Structures are given as structure tokens and as C-alpha cells.
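K.L.:
What follows is a predicted protein model with its sequence.
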Amino acid sequence: MANRVRTGRVWLLTALVLPLEAGLQGAGAAGLGLLSLGAAGLGLPAVAAAQEQQAPSPDGVRQEAARRLPAPWAVQDVTLHPAGADGVAAVSVRVRLTQPTFAVERRTDEVAFLRPVADAGTEKVLTGTAAPAAGNGQGITLAFDNAEVLDSLGRPADQLPGRTVVAGTPDAAAAAEKLAAAAARKREADEQTADNALAETERMAQQMKLIAARTQQMDTVRARLSGGEPAARIAAFEAALGGDDVPLRQFALETAFAGRDQTLLNLALRDWLGRKKAVPVQLYATREEPASETVLRNLGPLTLEIQGFNTVSGNLVGRLGAAGYTITMPSAASGYLAQNELTINSFGCSLTLRLTEHRTFDGLYRCQTLPALVARIVLD
């Protein structure tokens, strides 16, 4: 019975090993994998050797930690504890700051003021685990349990955006002084702008008051010129013409020219003539007289020079003619304004005009036996 048991065990071992050897011979590298699996099942030392090759090394941990650390942190040393059966090992990595770090205390549009956080040489210890990388077994997977200890230690000044100065330094004092001066200038400019806006508002308000007062005044003058007794209208018109208010006088004249009161219209015409020294006379040829074109070309520009005008009687004296032209040499002239008609007589020539609704004096200009020409004086 014992021999049969031993024989059975030998047969079982042979049955397990021989197929593995056959697989090794038939499948090459694949057979090695099967052989290792079979050896593990038999408790052979091949698995321990594989685990020892895959376990993280201190140099691998150092390289991986250095790759993952943000600047300006640098790895000082690595402590690697023995790996377990799964290849995972506890690690401790001591890191050190190579530059001082800062945090932003306050920021303006131009500069950021920094507060020191940690000096160069500050050390921290990161703890975690290191394990073989998944896949083909190359590299390691490094995980830290307390990576947040680095987050609260600020950043180097050159990693912070914009222009930076450290609080408490001369550069910070100079920057603060410059910013204070700029702020003072801005406040002064804002105050000046506000003062200007207030002054402009007050000016506009005053202007609106003046406009309202002038509008009311104009409405009063218009009402007096268009209503009431004739004597009241004449008194209001003369009051507007006699003052120093040029716009009001012009308004009264415009109202008189546009109205139907012949008395006010005559007064307006007399005021206009009384203020003129020279009045251009425009001449035009007529269709009825073909020779008038030739006469027009030889007359030249005609001008009425007013040397005296009586605003009460309407009598006028002066000179009428075209300087430099023999046909109409300037010569003494006399005339009169009757209602809305103006008549001027000069040596051998006469000018007879009548006021139109277009604020022009239109009529004829005649000189001895020459063809008559159309004449016009524009009331400007």
C-alpha cells in the first residue's frame, strides 16, 4: 500500500511537470510563463526572485518624486521601507525649498505686494507608498498621503504674475509712494471733472433761464406788435428798436416785415435805410428789350450811397452810379421812401422800387433813352 502511494505521488508530480516541460519546448517564451506559474504552485523560489526585481528602489522613488515636485522644491533624501508581498512599499521623502516663497498680500493694477511665507532651506517630509507600475513592470507608482503640506507654503516671486515687490522693502515703499501719488492725482482729476460738470450744469441752467426769459420777452413783444391799439404797437416797436438789444431789435424788424401792419412795416424800412451807408443794386436784362443785355454789360455794378436819410419824412440824399463806367458815373441822387415804395433820381437816371413779400425792393432802373433794366435791392 505504501509503495502504491509513493508511486501515485511520483506519477502525479510527473503528470504536472511533464506537460509544463512540453509546453516550454513547444511555446518558447510562453512556456516560461507557464513554468513560473507551475513553480509558484509547487512553492519554488522563482516568484520571490521576480518580486525582488519589481520592488521600488530608492533611486526610482527619488527620480519619480523629483519629477512630480513643483519648483522650487528639491528632494533631499528618500527612506524606503521593505515592500510587502504585493510589491507596495512605504516611503518617506524629505524635500527642501531652494528659494524663498511668498503670498500676495494685496494687489493693484500695477504691482503686487508680497508677504514672505517660507525661507530657502525650509524642509518638509512627504509620506506615502511606492508600488510597481501597472503593465510591463517598468517604473513605479508613487502616491503621497500628505502632499497638501506644500500647498500652504506660497510660491516663488518669479512665479507670481505681474510686477511684484516684497512688503517692508525700499522697493515696496517706493511703489506705495508712487501709487499714492497716482491715486492723489486721480482724485484731483476726478474732483476737477466733478467741479467742471457742476459748473457746466449751473451754466446750462442759467442759460436755460436766460432762454426762457428771452422767449417770454419775445412773446411779449410779438403780442404787443400784433395786438392792441396802433399807438401801443408803434410804442412797442420803437422801444424795441431804440434799445441796445440787437437781437430784440432784429426780432422786432422781422416781426414787422412778416406782419400786415403797414405802419410798422414803414417804420421798419425807415430804420433799415437809416442804418445803411451803401446799398448794392442788382440789375437784370429784360426780355422785352433785346438791347438791354448790351446796356447791362456796360453799366457795371450799381451802388446807392446814402449820405443822409430822414427817418421822419423818409427823404434821402446820396449818390447813385457805377464807379469807372461812363454811362452811369456816380452822381448826386435824391429820393424818398413813401410807405413801401422807394424812389431815387440821379443825373439822367431813376430807380423806382416796391417792397415784395420776399423782403426785396423790386422795380426798374431807367437812364435817358437806354432800355430799362430790372432792379432789385435785398434787405439783409
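P.N.:
That came through, no problem. Numbers count the residues shown, from 1 in each chain.
K.L.:
got a list of what the nearest residue to residue 119 once chain neighbours are set aside touches?
P.N.:
Leaving out its chain neighbours, the residue that sits closest to residue 119 by C-beta to C-beta, 6 or more residues apart in numbering is residue 100, at 5.3 Å. For the C-beta atoms, the positions are set from N, CA and C on the backbone; glycine is no exception. Residues near residue 100 by C-beta atoms under 8 Å, 6 or more residues apart in numbering: 116-120, 156-157.
K.L.:
where do the strands sit along the stretch 101-250 of the chain?
P.N.:
Taking DSSP state E, counting those that start in this stretch to define them, one finds strands in the stretch 101-250 of the chain at 101-107, 111-118, 123-132, 140-144, 163-166.
K.L.:
and whichever helix or strand residue 266 is part of, what does it pack onto?
P.N.:
Take DSSP states H and E as the rule and residue 266 turns out to sit in helix 262-274. Secondary-structure packing of helix 262-274 (3 or more C-beta pairs under 8 Å, 6 or more residues apart in numbering; DSSP states H and E): helix 230-242, helix 246-258, strand 302-309, strand 331-338.
K.L.:
which other residues reach stretch 71-79?
P.N.:
Contacts of stretch 71-79 (C-beta under 8 Å, 6+ apart): 58, 61-62, 65-66, 69, 91-99, 101, 120, 123, 150, 156, 159.
K.L.:
Please check the residues you listed and keep the buried ones.
P.N.:
Buried members of these, counted by 16 or more other C-beta atoms under 10 Å: 61-62, 65, 69, 91, 93, 95, 97, 99, 101, 150, 156.
K.L.:
Tell me which of the helices and strands packed on helix 262-274 lies nearest to residue 209.
P.N.:
Residue 209 lies closest, by C-beta to C-beta, to one member of the helices and strands packed on helix 262-274: helix 246-258, at 16.4 Å.
K.L.:
could I get that closest one in PDB with only the CA atoms?
P.N.:
Taking C-alpha atoms only, helix 246-258 is exported to PDB below (Å, rounded to 0.1, in the frame of the first residue of the first chain):
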ATOM      1  CA  VAL A 246     -29.500 143.900 -31.100                       C
ATOM      2  CA  PRO A 247     -31.400 140.500 -31.200                       C
ATOM      3  CA  LEU A 248     -34.500 142.100 -29.800                       C
ATOM      4  CA  ARG A 249     -34.300 144.900 -32.500                       C
ATOM      5  CA  GLN A 250     -33.800 142.300 -35.200                       C
ATOM      6  CA  PHE A 251     -36.700 140.300 -33.900                       C
ATOM      7  CA  ALA A 252     -38.900 143.400 -34.000                       C
ATOM      8  CA  LEU A 253     -37.900 144.100 -37.600                       C
ATOM      9  CA  GLU A 254     -38.500 140.500 -38.600                       C
ATOM     10  CA  THR A 255     -42.000 140.700 -37.000                       C
ATOM     11  CA  ALA A 256     -42.800 143.900 -38.800                       C
ATOM     12  CA  PHE A 257     -41.600 142.600 -42.200                       C
ATOM     13  CA  ALA A 258     -43.600 139.500 -41.700                       C
END
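K.L.:
That one: which residues count as buried?
P.N.:
Using 16+ other C-beta under 10 Å as the test for burial, helix 246-258 gives 248-249, 251-253, 255-257.
K.L.:
Which strands or helices does that helix pack on?
P.N.:
Going by 3+ C-beta pairs under 8 Å, 6+ apart, helix 246-258 lies up against helix 170-226, helix 230-242, helix 262-274.
K.L.:
For the longest one, which helices and strands make contact with it?
P.N.:
Packing contacts for helix 170-226, counted by 3+ C-beta pairs under 8 Å, 6+ apart, involve strand 111-118, strand 163-166, helix 230-242, helix 246-258.
K.L.:
Pull the contacting residues for residue 148.
P.N.:
By C-beta under 8 Å, 6+ apart, residue 148 has no neighbours at all.
K.L.:
er, residue 153 actually
P.N.:
So residue 153 contacts 97, 101, 117-118, 122, 124 (C-beta under 8 Å, 6+ apart).
K.L.:
Look up the closest residue to it, ignoring the ones flanking it.
P.N.:
residue 118 (4.7 Å).
K.L.:
now swap in residue 302 and tell me
P.N.:
Nearest residue to residue 302, sequence neighbours excluded (C-beta to C-beta, 6+ apart): residue 281, at 4.2 Å.
K.L.:
Mind listing the strands the one helix or strand the one you found maps to pairs with, and their directions?
P.N.:
In this structure, residue 281 sits in strand 278-284 according to DSSP H and E. Using DSSP bridges, strand 278-284 pairs in its sheet with strand 302-309 (antiparallel), strand 373-378 (antiparallel).
K.L.:
hmm, who's touching stretch 310-321?
P.N.:
Contacts for stretch 310-321 (C-beta under 8 Å, 6+ apart): 266, 270-271, 273-274, 281, 302-309, 328-338, 344, 346, 349, 351.
K.L.:
How about stretch 255-271?
P.N.:
Stretch 255-271 is contacted by residues 221-222, 225-226, 230, 233-234, 237-238, 241, 252-253, 309, 311, 314, 337, 339-340, 342, 355, 359, 379 when judged by C-beta under 8 Å, 6+ apart.
K.L.:
buried ones in it?
P.N.:
By neighbour count on 16+ other C-beta under 10 Å, the buried set for stretch 255-271 is 255-257, 261, 264-271.
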